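> quick check, what structure comes out for this input:
(one chain, ligands or ions: 2)
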Amino acid sequence: MVFLRGLVGYWACMNGLALGYVINSPASELQHVFFSPSRFSDSLGSLLGISKRPSDPIVPPGLEDWIQEQRRISFGYLLDNIAPNGANAKDAAPGSVIASPSKHAPNYYYQWVRDAAITMGDVVEAYANSGDEKYKHIIDAYADIQGALQNTFNPSGGYTTGGLGEPKFQVDGAPFTENWARPQRDGPALRALTLISYLRALNESDPSAVDNQWLSRLYDAKLPTNSIIKADLEYISHTWNMTGFDLWEEITDLHFFTAIVQRKALVEGRDLAHALNDPEAAHWYDSQQLALKDFLARSFWNKKEGRLNAYLESPFRSGADCALLLGALHGGQEDLFPPWADEILASLEALASDFSTRYPVNQMTPPFYREEERLRGVGIGRYPEDRYDGVGLSEGHPWFLCTSSASNVLYNTIERYVEQGYFEINDINLRFFNHIRDGKAIKGKYTMGDYAFGDYLVDMFKYADSFLNVIRWHATSDGHLSEQFNRYSGFQRGAKQLTWSHGSYLGAAIDRDAAMDALQESGVVA
Ligand code: NOJ
Ligand code: NOJ
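Numbering: from 1, shown residues only. Ligands and ions are numbered 1, 2, ... in the order given. As a prediction, this is how the structure comes out:
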């Protein structure tokens with residue numbers, strides 16, 4: 001299972017390169033609200049004459065090579081699972097994203113609204129960074145089929161009667177009519193977020209493509225609406241307080257992940273409605289995002305455990321769940337549970353500690369990169385009580401996408417700390433910092449320029465990388481990633497070439513670059 005890769009050259013991934021396409025001007029009116037998230041300024045590092053850390057390299061050379069190579073490979077595998085050009089999706093309807101090429105044990109040869117939206121988010125990011133038309137074609141086809149799925153009567157209902165909560169469809173777009181955990185209310189939110197970010201990317205790279213006809217397919221200011229994004233926003237804003245199944249398709253409740261992605265969709269939907277001259281809708285979405293914000297802020301904190309809960313009241317569950325990390329990554333915002341929120345770091349620590357002893361594979365030291373024990377990442381599962389083994393119910397295993405999500409949260413946190421120029425160790429996040437400091441973290445404020453500031457951030461970066469190193473250990477030599485890896489042996493199991501496994505790895509690797517840039521620009525590392 002353990003393969004040592006030959007040294008490969010540094011692969012600059014297509015996504016990471018600023019390809020320098022020309023942004024067409026004049027800017028359209030949309031541009032006021034569709035800002036691109038700012039990376040911190042170049043001058044930041046030069047303002048700080050702070051001590052560099054000359055000691056051991058922050059990233060061992062072999063790991064860097066693997067991370068970049070896998071990033072390139074994972075993006076290719078992700079595209080393989082999208083029709084019509086993807087090698088694994090030849091007979092699927094154009095624009096559909098298959099969850100995995102696996103057709104039996106398990107059969108994942110379907111399109112899940114959630115998996116597809118998250119995956120297409122990566123393609124939108126590739127488009128935003130490169131302006132490459134081939135990505136635009138893929139996303140346009142995705143939008144087309146999603147519009148068709150919204151209008152496909154299915155066991156959850158019809159267009160305005162709950163059908164948007166249907167979690168999965170056949171690859172040709174037909175409804176899936178067998179029993180399933182339905183509805184799942186996160187899908188419309190994730191789809192709206194992906195399409196709104198597409199609109200933003202397109203508006204920046206090629207505003208002339210955003211003509212009225214094209215735009216009204218995505219958003220019209222009508223009620224009842226005939227547009228994809230507005231249909232999703234209407235669904236979310238009217239149903240968010242109803243229970244549904246969680247993203248793992250197992251329990252009916254109100255869920256952290258579902259609520260937080262719904263809230264972000266409504267915030268971005270409000271801005272979109274505002275920009276597109278739909279003030280009443282903007283007002284309505286705003287009122288509902290505020291209600292959701294209030295609900296999220298008061299409902300999920302588990303004071304006793306010092307971390308968040310992923311559900312409101314499901315029995316037989318502790319509430320610790322990687323859905324918390326995924327929620328912060330896909331739905332967190334500046335003002336509520338972003339990845340760097342103290343509560344999210346505390347929850348990450350709770351998960352890592354639990355899985356480090358629960359899954360025997362985590363007691364073995366991964367090869368390649370021998371971190372100090374305190375900075376050793378582990379394979380993260382969905383939640384401690386999980387019994388889904390990838391095919392049926394026996395016992396749970398670590399998941400690639402959960403393991404990636406831990407590193408991704410940390411990369412985002414590092415970037416943020418540098419951007420704001422300080423961080424604080426407080427009662428809530430202390431358990432996280434104690435974890436990486438062997439119980440010796442000290443509460444207080446750390447300011448950029450202090451030696452300790454850089455020291456903590458370097459530890460966080462190494463810790464984040466060590467989760468990717470776990471993935472490296474269990475990836476095949478040709479970079480395949482299934483859904484899970486065995487809790488004892490580390491061998492891959494569950495649906496092969498899971499699209500979401502590749503997408504989440506890719507997201508982590510991309511955000512790692514931003515964290516590394518931040519550390520370099522701030523002078524924390526050379
Ligand atoms: C299949 C679902 O996709 C998975 O998330 C769930 O754990 C199992 N069914 C439970 O049987
Ligand atoms: C099972 C996972 O629990 C669920 O989140 C996912 O949507 C499906 N598999 C398809 O990948």
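
> pLDDT below threshold where in the stretch 51-200 of the chain?
51-56 (pLDDT under 70).

> how distant is stretch 464-482 from the center of its chain?
17 Å (C-alpha atoms, centre = their mean, to the nearest Å).

> tally of neighbours for the closest residue to residue 358 other than its chain neighbours?
Leaving aside its chain neighbours, residue 358 sits nearest to residue 384 (6.2 Å; criterion: C-beta to C-beta, 6 or more residues apart in numbering). All C-beta atoms are positioned from the backbone trio N, CA, C, and that covers glycine. Under the neighbour criterion other C-beta atoms under 10 Å, residue 384 is assigned a count of 17.

> cool, residue 493 as well?
18.

> give me phi/psi at it?
phi -150, psi 170 (degrees, to the nearest 10).

> which ones are touching it?
389, 390, 397, 482, 483, 484, 485, 486 (C-beta atoms under 8 Å, 6 or more residues apart in numbering).

> verify the stated contact: the second one with residue 107.
The one in question is residue 390. No: here residue 390 does not reach residue 107: they are 12.0 Å apart, not a contact under C-beta atoms under 8 Å.

> same drill for those two, tell me which one is more crowded.
residue 390 (23 against 12).

> helix or strand for that one, which one?
Under the criterion DSSP states H and E, no helix or strand holds residue 390.

> how close does it get to ligand 1?
Going from residue 390 to ligand 1 by C-beta to the nearest ligand atom, to the nearest Å gives 9 Å.

> which residues touch that residue?
106, 397, 482, 483, 484, 493, 494, 495.

> go with 6 Å
483, 484, 493, 494 (C-beta atoms under 6 Å, 6 or more residues apart in numbering).

> distance of the nearest residue to the first one once chain neighbours are set aside relative to residue 122?
This means residue 483. Sequence neighbours aside, residue 494 is the residue nearest to residue 483 in space, at 3.3 Å (criterion: C-beta to C-beta, 6+ apart). Separation of residue 494 from residue 122 (C-beta to C-beta, to the nearest Å): 21 Å.

> mind listing the helices for the stretch 1-150 of the chain?
Here the stretch 1-150 of the chain has its helices, by DSSP state H, counting those that start in this stretch, at 43-47, 61-80, 113-130, 133-150.

> pick the most deeply packed of these.
Scoring the helices of the stretch 1-150 of the chain by mean neighbour count under mean count of other C-beta atoms under 10 Å gives helix 113-130 as the most buried, with a mean of 24.

> who's in contact with it?
Under C-beta under 6 Å, 6+ apart, the answer for helix 113-130 is 15, 19, 97, 99, 135-136, 138-139, 142, 186-187, 190-191, 194, 197-198, 201, 499-500, 503, 506.

> so which residues on this structure come close to ligand 2?
99, 108, 112, 114, 115, 247, 248, 249, 500 (C-beta under 6 Å from any ligand atom).

> buried subset of these?
99, 108, 112, 114, 115, 247, 248, 500 (16 or more other C-beta atoms under 10 Å).

> in CSV, list the contacts of residue 493 along with pLDDT.
Output for the contacts of residue 493, formatted as CSV (pLDDT from 0 to 100):
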residue, pLDDT
389, 98
390, 98
397, 98
482, 98
483, 99
484, 98
485, 98
486, 98
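
> right, and the residue nearest to residue 358 touches residue 353 too?
No: using C-beta atoms under 6 Å, residue 384 is not in contact with residue 353, being 10.4 Å away.

> could you measure residue 136 against ligand 1, distance?
31 Å.

> residue 228 versus the residue nearest to that residue when sequence neighbours are not counted, what's the distance?
Once flanking residues are discounted, residue 136 sits nearest to residue 127: 5.8 Å by C-beta to C-beta, 6+ apart. Distance from residue 127 to residue 228, counting by C-beta to C-beta: 17 Å.

> quick check: residue 320 vs residue 355, distance?
For residue 320, the distance to residue 355 - C-beta to C-beta - is 9 Å.

> looking only at neighbour counts, state which of those two leads.
In this view residue 320 and residue 355 are compared by other C-beta under 10 Å, and residue 355 has more residues nearby, 25 against 22.

> the more buried one: which element?
Assigned by DSSP H and E, residue 355 falls in helix 342-358.

> list the buried residues of that helix.
342-352, 354-356, 358.

> next one: stretch 216-232
So for stretch 216-232, counting by 16+ other C-beta under 10 Å, buried means 216-221, 225, 227-232.

> I'd like these as JSON lines, with distance to ligand 1 and pLDDT appended.
Shown next, in JSON lines, are the buried residues of stretch 216-232 (distance: C-beta to the nearest ligand atom, whole Å; pLDDT from 0 to 100):
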{"residue": "216", "distance to ligand 1": "35", "pLDDT": "92"}
{"residue": "217", "distance to ligand 1": "31", "pLDDT": "95"}
{"residue": "218", "distance to ligand 1": "29", "pLDDT": "97"}
{"residue": "219", "distance to ligand 1": "31", "pLDDT": "97"}
{"residue": "220", "distance to ligand 1": "34", "pLDDT": "96"}
{"residue": "221", "distance to ligand 1": "37", "pLDDT": "95"}
{"residue": "225", "distance to ligand 1": "30", "pLDDT": "97"}
{"residue": "227", "distance to ligand 1": "30", "pLDDT": "98"}
{"residue": "228", "distance to ligand 1": "25", "pLDDT": "98"}
{"residue": "229", "distance to ligand 1": "26", "pLDDT": "98"}
{"residue": "230", "distance to ligand 1": "29", "pLDDT": "98"}
{"residue": "231", "distance to ligand 1": "25", "pLDDT": "98"}
{"residue": "232", "distance to ligand 1": "22", "pLDDT": "98"}
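
> spell out, range by range, the strands that occur in this protein.
Here the chain has its strands, by DSSP state E, at 111-112, 168-169, 244-245, 252-253, 301-302, 307-308, 422-425, 444-447, 484-485, 492-493.

> ranking those strands by mean neighbour count, which comes first?
strand 484-485 (a mean of 29).

> so how far is stretch 329-349 off the chain centroid?
The mean C-alpha position of stretch 329-349 is separated from the chain mean by 12 Å, C-alpha atoms, centre = their mean.

> contacts for that stretch next, please.
Taking C-beta under 6 Å, 6+ apart as the rule, stretch 329-349 contacts 260-261, 264, 293, 306-308, 324, 328, 406, 408-409, 412-413, 416, 428-429, 431-432, 435.

> can you check stretch 415-424 too?
Against stretch 415-424 from outside (C-beta under 6 Å, 6+ apart): 40, 340, 445, 446, 447, 448, 514, 515, 518, 522.

> can you select the buried ones from those residues in ChimeraX?
To isolate the buried members of these in ChimeraX, using 16+ other C-beta under 10 Å:
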select :40,340,446,448,514,515,518,522
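
> of the contacts of stretch 415-424, just say which sits nearest to ligand 1.
residue 340 (28.3 Å; C-beta to the nearest ligand atom).

> any idea how far residue 346 is from the closest one?
12 Å.

> what sits against residue 248?
residue 382.

> measure it to ligand 1 for me?
5 Å.

> please apply the same query to residue 525.
Distance from residue 525 to ligand 1, by C-beta to the nearest ligand atom: 40 Å.

> now do residue 524
Distance from residue 524 to ligand 1, by C-beta to the nearest ligand atom: 40 Å.
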